[in-house]
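Chemist: here is my input; please provide its structure:
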Amino acid sequence: MKLIDKKRCIITESDQEGTGTIVIPSNIGKEYQLGKVVHVPASDNNLVEEGQYVFFQLPPMVKNSTGYAHKADIYNGKGFFILHQEDVIATLSEPNVSLATFKINGNWLLLDMVIEGYSNSSIALPDTYRPPIDEFFFKVKQIGGNVDENKEGLPYAIDDTVYIEKNRCNPIILEGKEYVFLHKQYVYAVDR
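Modeler: Below you'll find the predicted structure:
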């Protein structure tokens, strides 16, 4: 099979069961999936490589659709998706998901959620308490390889505090710690 658009890739469902401590809170509008890249056209600026495990999202109706991205067709014995490489949220060096194997991709950022002031407080909060999102601020943990540089370099760096459109972030739990991933277009300012 020859892909016409060099920015697309063929992804099958993962041939290995994903393990590790990744939790994606349920979201009625999205379906997250672990897959494996089986074909990517030759290019100098690919965001994914053949054989990589990838994490991507699809609307639930797409996953069950027989007409989208050739899911009903077979590529080397498996159903497959044809996705744009920038739609891959993260690559994984192995199907064992951990912060060490999870690498944010393309135009995405992985942000650490930090609660200001609670760690220094003498008030004991139950383990199940989760403050509202307005009480968090966000620090850059990983930057995708397609985030644009300007004349001064990247607009932000690892550990910078950034101001984001909070209703656009997607929670993800890696190794028991909650992070969010977010498209670069929803980062509005950096605290430097």
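
Chemist: so where's this structure shaky on pLDDT?
Modeler: Scanning the chain for pLDDT under 70 picks out 15-31, 59-78, 116-127, 129-135, 148-153.

Chemist: got the domain ranges for this protein?
Modeler: If you go by automatic domain parsing, the domain ranges for the chain are 8-104, 108-191.

Chemist: ok, and the closest non-adjacent residue to I10?
Modeler: Closest residue to I10 apart from its sequence neighbours, by CB to CB, 6 or more residues apart in numbering: H39 at 4.1 Å. C-beta coordinates here come from the backbone N, C-alpha and C atoms, glycine included.

Chemist: next, count neighbours for the one you found.
Modeler: 17 (other CB atoms under 10 Å).

Chemist: now do it against M1, distance only.
Modeler: Here H39 is placed at a distance of 7 Å from M1 (CB to CB, to the nearest Å).

Chemist: likewise L182?
Modeler: With CB to CB as the criterion, L182 and M1 are 33 Å apart.

Chemist: okay, those two: which has more neighbours?
Modeler: It is L182, of L182 and M1, that has more neighbours when counted by other CB under 10 Å, with 22 against 11.

Chemist: doesn't V162 make contact with the more buried one?
Modeler: No - applying CB atoms under 8 Å, one finds L182 not in contact with V162, separated by 9.0 Å.

Chemist: okay, and the common contacts of the two?
Modeler: In terms of CB atoms under 8 Å, 6 or more residues apart in numbering, L182 and V162 are both contacted by the residues L109, L111.

Chemist: which strands or helices does the helix or strand hosting L110 pack on?
Modeler: Remark: L110 resides in strand 108-115, with elements defined by DSSP states H and E. Applying 3 or more CB pairs under 8 Å, 6 or more residues apart in numbering; DSSP states H and E, we find strand 108-115 packed against strand 88-92, strand 136-143, strand 161-164, strand 177-183.

Chemist: could you rerun that using 6 Å?
Modeler: Strand 108-115 is packed against strand 136-143, strand 177-183, with contacts defined by 3 or more CB pairs under 6 Å, 6 or more residues apart in numbering; DSSP states H and E.

Chemist: please name the strands paired to the shortest one in the sheet, noting orientation.
Modeler: Looking at strand 177-183 with DSSP bridges, its paired strands and their directions are strand 108-115 (antiparallel), strand 170-174 (antiparallel).
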